[in-house]
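Trainee: whatever this is, show me its structure:
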Amino acid sequence: MVFARTDKALQRLSAMFREGSVRKIYWAMVAELPPDKAGSLVHALRRNVQQNKSYAVAGPAAPPLTKEARLSYRLLVSLERYHLLEIELETGRHHQIRAQLAAIGCHIKGDLKYGSPRSNPGGGIHLHARQVSFVHPVRHEPLVITRGSAEGPGVGRRDGGDGAVNLTADPR
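Mentor: Residues are numbered from 1 along each chain as shown. Sure, this is the predicted structure:
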């Protein structure tokens with residue numbers, strides 16, 4: 001979640017999200033391997049408001065009934081029963097990752113709504129908003145906000161050597 005402190009920053013941030021200039025990275029634990037170790041998915045998504053669910057539909061998007069949804073993924077690691085995918089959203093649609101992965105048979109662990117066979121304790125799903133990056137709306141500096149880090153829990157701020165500011169959030 002990204003917050004703006006001023007109206008000016010809010011307007012600029014909203015425009016960045018609308019124009020697709022914000023990079024969003026997620027991690028998902030899935031039970032089945034995708035067809036390729038890395039790839040892109042493009043679907044038309046149809047939203048059902050009554051069910052609070054979106055469906056990936058074959059064929060081109062036909063507004064206003066469906067909207068185009070695009071993402072890319074890559075396999076990070078395979079464990080005995082599950083596989084960790086890194087997903088980069090190119091569009092931001094309602095339940096996009098859940099619907100698109102379900103459409104290719106890669107159900108997110110614990111996601112009963114989209115086809116996982118069983119829930120997780122506590123009812124959550126294994127989908128993690130890993131990173132968001134964008135240009136600061138006022139200072140015009142690159143920002144990279146990462147949840148969880150190799151350094152462990154806590155809040156930190158460091159320059160990764162590329163000039164981007166890396167903020168890590170406390171995972172508690």
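Trainee: which phi and psi does residue 64 have?
Mentor: The phi/psi pair for residue 64 (degrees, to the nearest 10) reads phi -90, psi 0.
Trainee: check contacts around the residue positioned nearest the centre of the chain.
Mentor: The geometric centre of the chain, computed from its C-alpha atoms, lies nearest to residue 26 (CA atoms, centre = their mean), at 3.8 Å. Contact analysis of residue 26 by CB atoms under 8 Å, 6 or more residues apart in numbering lists 86, 87, 88, 89, 97, 127, 128, 129, 130. The way it works is simple: take the backbone N, C-alpha and C, and place the C-beta from them, glycine included.
Trainee: now it, nearest residue through space, not along the chain?
Mentor: Leaving aside its sequence neighbours, residue 26 sits nearest to residue 87 (CB to CB, 6 or more residues apart in numbering; 4.5 Å).
Trainee: ok now the helix or strand harbouring that neighbour, how far from the chain's centre?
Mentor: For residue 87, the element it lies in under DSSP states H and E is strand 83-89. Strand 83-89 sits 8 Å away from the centroid of its parent chain (CA atoms, centre = their mean, to the nearest Å).
Trainee: so where do the helices sit in this structure?
Mentor: For the chain, applying DSSP state H gives helices covering 7-19, 96-103.
Trainee: most packed of those?
Mentor: Highest mean neighbour count of the helices of the chain: helix 96-103, a mean of 23 (counted as mean count of other CB atoms under 10 Å).
Trainee: neighbouring contacts of that one?
Mentor: So helix 96-103 is in contact with 26, 28, 30, 34, 41, 43, 45, 53-56, 69, 71, 85, 87, 89, 93, 107-108, 111, 113-115, 125, 127, going by CB under 8 Å, 6+ apart.
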